[in-house]
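Undergrad: the sequence and its predicted three-dimensional model are supplied below.
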Amino acid sequence: MTTAAINAMKSLSVSTNLMHFPAKTSSKLALPQTQQISRQSLHKNVLNFHLSTPRNNRISTYSVPNPPRAVASQSYDALTEPNKKIFHGKCFVVDDNIDTDQIIPAEYLTLVPSKPDEYEKLGSYAMIGLNAKYGRFIEDDQIKTQYPIVIAGANFGCGSSREHAPVALGAAGVKAVVAEYYARIFFRNSVATGEIYPLESECRVCDECKTGDIVTVEIEGNKLINHTTGKEYVLKPIGDAGPVIDAGGIFEYARRTGMIAAPSS
């Protein structure tokens, strides 16, 4: 990688108004604290970028009509609109302090996500470390979860800094996690890998939803709708971290924006 490319990558600024991630000024800022990402699955390079707080905290007025009541019986794939960043399906609800050992135990970290078969296998082990009280996240005869949305309490993704945690969730079929707030390194790894949208709620949604409830998450509309209970919740805008996730992670975002050269064919 050239010196010019490295300097361009360092200049990348990503903003969010999540209250748990205050602005920093270092050119080596990790989301949101200074820390390096291990790029085991993404070319073994390191990319650091700036996370700041946006000046405009207005919530987008983007919205879509509520799905009909019969929506619960329809398939997740038929209702999810990734291009519009609208995700729909059953939710899986957990409490506070779900750490990375519960999301993906250390024994599975030898799997290499850049290999398609191992990526799929990694996803099949997502949430396997959870307490039995939560029920099964992935059924025994399946490799994908039936829950595209995870709803959590405080400090989701705490523990070790393994980037396999958000990758495992994404590989399992999770599109978004809605939590009260996140462990900083998990939030950063979620954005850097582009696997899932780590969203924060204005209240403890996990206390008002149950596993299996049918929900819709609107990224641009900043809302979560629980069709089972009829309640709607405000989500905090994800800010400029959104386009990085949309692109598929920080390296793909840097390529698309011309900060680094695209790989030669």
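TA: Here it is on my side, so go on.
Undergrad: residues contacting the residue lying closest to Phe156 once chain neighbours are set aside?
TA: Of all residues not flanking Phe156 in the chain, Ala179 sits nearest, at 4.1 Å (CB to CB, 6 or more residues apart in numbering). Placement of C-beta: from N, CA and C, glycine included. By CB atoms under 8 Å, 6 or more residues apart in numbering, the residues touching Ala179 are Ile151, Ala152, Gly153, Ala154, Phe156, Pro198, Leu199, Glu200, Ser201, Cys206.
Undergrad: what's the burial count for the last one?
TA: Pointing back at Cys206 there. When neighbours are defined as other CB atoms under 10 Å, Cys206 has 22 of them.
Undergrad: how much space between Arg256 and Gly194?
TA: As judged by CB to CB, to the nearest Å, Arg256 and Gly194 stand 11 Å apart.
Undergrad: give me the common contacts of those two.
TA: Ala247.
Undergrad: neighbour-wise, which of those two wins?
TA: Per other CB under 10 Å, whichever of Arg256 and Gly194 has more neighbours is Gly194, with 21 against 15.
Undergrad: that one touches Ala254, doesn't it?
TA: No: between Gly194 and Ala254 there is no contact under CB atoms under 8 Å: 11.6 Å.
Undergrad: can you report how many residues neighbour Val205?
TA: The burial count for Val205: 25, using other CB under 10 Å.
Undergrad: could you do the one 5 residues further on as well?
TA: Counted with other CB under 10 Å, residues neighbouring Lys210 total 13.
Undergrad: and it, what helix or strand is that in?
TA: Using DSSP states H and E, Lys210 falls within no helix or strand.
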